[in-house]
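>>> no FASTA, just this:
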C-alpha cells in the first residue's frame, strides 16, 4: 500500500473524481446548470442540463421529510436562495421512488455568479441515526415553529432564516427585510394583509418595541402545500446594550389545530346560547336577531320574507290534565312536524316562548305563505300525539313591508294569529 506521504494532489483529485456522486456546474445569472457527473441516485434526480431554479428546488427547496414540491406561491423565494458569496455546505434530503436519501452538498463559487456543486449520498446508517435524532427533537419541540428569522431594521437585512418543513438547518437566504415583507404579504389572505403591513412596519416596530418586548397576532397564511393555515406571528426585539439597536427575532407558530378546536368550541357554545334546549329551534333572542337579519337582507338585496306565528290551541289544558312532562313531549313532537313541513324551504324557525313558535320564510309571496301555513296547520291537526291524542294550532301570517321594523312586522303577524284564535282556532289568518 502506498504511503500517504507519497500520494500526489493529482492522485487525490483522480480518486475524488471517481467517487463523488455528482458534479454540477451552475450559472445563477443565466438560470442554467450542466451535469458533469451523475452517479447513483443522481442519475434519476438530475438531468444533463436544466434551469438553475429547478436545481435549487430539487436539491433543497422542498418538504424535507418526504421530498414533495412546495406550492408555486413559495417559488418567489428561490432566487434569494441560490446566491453564494463564499463556500457553502449542508446536508439535505431528496426523495426518489418513495425512498428518502440523505445528501451532502458542497458549493464552490466560481466567477460571475457561477458555482460548482459537489453532491454525495451519505451512508444509510448515518441517515437512520440522524432521522432518529430528528424524531426525538421533533417530539420535544412538536414542530410548532414553522419559520424563524432574525432581522436588523438599521441595516435592513435578514439572517438565520429557518423554514423547518424545508430544512432542519438555517437556509442560505439573502434578502432585505423590506423585500421580505413585500414577498411574504402575498402568502396572506387579502383581508389580513393590512394587519400584517401595519404590525410589521419598521416605524411601528421602532416606536412600539422596547428592548426585550414581544408582541404577537394571529392570521391565516398559506403553507408549503398551498393551503391556508392559522398561524401566530411573533415579533421580539433583541435585548442589547445599545438602545439604538433595532434587531428583532421573527417567528411563525403553527396554531391551526388549536385554533380550529377553539373555533369549534366557540361554535358549540354559540349554538347553545342560540338554541332552545327542548325543541332544538332558535331561542327567543336568536329569532329576534333573525328578524333583524331578514329586514337587512330585504333592504340590501331585495330578498322577500314572510313571518308566521303559531300557537297551540288550549295548550294550558294539556299541561293541567297530563302534566308538564307530557306537555314537553307534545312540544317536541310539534317541533318535528314543523321541521318536516318547512325543512326543504329556506326558513329560520324559533320558539318564541311557551307554546308559541315564530318562523321566517324567505323568497315566498303572500299566496305561497298562506298555502304553507295551511299545510302546516293540517299536518298538526292530522298527527297523532302520544297520550294527548291530537292537538290543533292557530297561525298568523304576514309578509315583510318596506317600512317595517322588527316590532311592526312581528305585531302584524301576532295580530293575525289572535285573529285566527278569535275566528274559532285551528285556522290560519293572513294580514
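Alright, I've got the coordinates. Note that the coordinates shown come from a computational prediction; the quantities given were computed from them, not determined experimentally.
>>> Hmm, residue 431 is touching residue 399, no?
No: the pair residue 431 and residue 399 fails to qualify as a contact (Cβ atoms under 8 Å) at a distance of 9.1 Å. C-beta: built from backbone N, CA, C; applies to glycine.
>>> Who has more neighbours out of the two?
Just comparing residue 431 and residue 399: by other Cβ atoms under 10 Å the higher neighbour count belongs to residue 399, 21 against 14.
>>> Could you find the closest non-adjacent residue to the residue nearest in space to the middle of the chain?
What sits nearest the mean C-alpha location of the chain, by Cα atoms, centre = their mean, is residue 229, with 3.6 Å. For residue 229, the nearest residue in space outside its immediate sequence neighbours is residue 256; the separation is 4.2 Å by Cβ to Cβ, 6 or more residues apart in numbering.
>>> Look up phi and psi at that neighbour.
Here is the backbone geometry of residue 256 (degrees, to the nearest 10): phi -60, psi -50.
>>> Go ahead and confirm it touches residue 227.
No: with contacts defined as Cβ under 8 Å, residue 256 does not count as touching residue 227, sitting 9.2 Å away.
>>> More neighbours: which of these two?
For the pair residue 256 and residue 227, the greater number of neighbours falls to residue 256 (16 against 10), based on other Cβ under 10 Å.
>>> so residue 159 sits in a strand?
Yes: the assignment for residue 159 by DSSP: H, G, I helix; E, B strand; the rest coil puts it in a strand.
>>> Could you check what's spatially nearest to it, not counting adjacent residues?
Taking Cβ to Cβ, 6+ apart, and ignoring the residues beside it in sequence, residue 159 has residue 150 as its nearest neighbour in space, at 4.9 Å.
>>> show me what contacts the one you found?
For residue 150, the contacting residues are 158, 159, 160, 238, 247, 248, 249, 250, taking Cβ atoms under 8 Å, 6 or more residues apart in numbering as the criterion.
>>> For the residues you listed, which entry has the maximal number of neighbours?
Sorting the contacts of residue 150 by how many neighbours each has (other Cβ under 10 Å) puts residue 248 first, at 23 neighbours.
>>> Quick check, that residue in contact with residue 205.
Yes: counting by Cβ under 8 Å, a contact exists between residue 248 and residue 205, whose distance comes to 6.5 Å.
>>> what ranges do the strands span in the stretch 51-200 of the chain?
Shown for the stretch 51-200 of the chain, the strands assigned by DSSP state E, counting those that start in this stretch span residues 88-96, 99-109, 114-121, 145-152, 157-163.
>>> Which among the ones you listed is found nearest to residue 32?
Go through those one by one with Cβ to Cβ and the one that ends up closest to residue 32 is strand 114-121, at 9.8 Å.
>>> what mean pLDDT does the closest one have?
Throughout strand 114-121, pLDDT has a mean value of 92.
>>> With stretch 377-397 instead?
Averaging the model's pLDDT scores along stretch 377-397 yields 95.
>>> Residue 360 and residue 397, how far apart?
Computed with Cβ to Cβ, to the nearest Å, the distance linking residue 360 and residue 397 is 12 Å.
>>> overlap in contacts of these two?
Among the neighbours of residue 360, those also in contact with residue 397 (Cβ under 8 Å, 6+ apart) are 306, 307.
>>> Break the protein down into its structural domains.
The chain breaks down into these structural domains: 4-141, 145-258, 275-430 (assignment by automatic domain parsing).
>>> Distance from the second one to the middle of the chain?
Put plainly, it is domain 145-258. Centroid separation between domain 145-258 and its chain, computed with Cα atoms, centre = their mean, to the nearest Å, is 19 Å.
>>> can you check the first one too?
Between the mean C-alpha point of domain 4-141 and the mean C-alpha point of its chain there is a distance of 33 Å (Cα atoms, centre = their mean).
>>> The helix or strand hosting residue 273: which residues count as buried?
According to DSSP states H and E, residue 273 maps onto helix 256-274. Counting neighbours by 16 or more other Cβ atoms under 10 Å, one finds that the buried residues in helix 256-274 are 256, 259, 274.
>>> just the helices in the chain please.
Counting by DSSP state H, residue ranges of the helices within the chain are 9-19, 42-45, 52-59, 124-141, 177-184, 190-200, 202-208, 256-274, 284-301, 315-322, 324-342, 366-381, 406-422.
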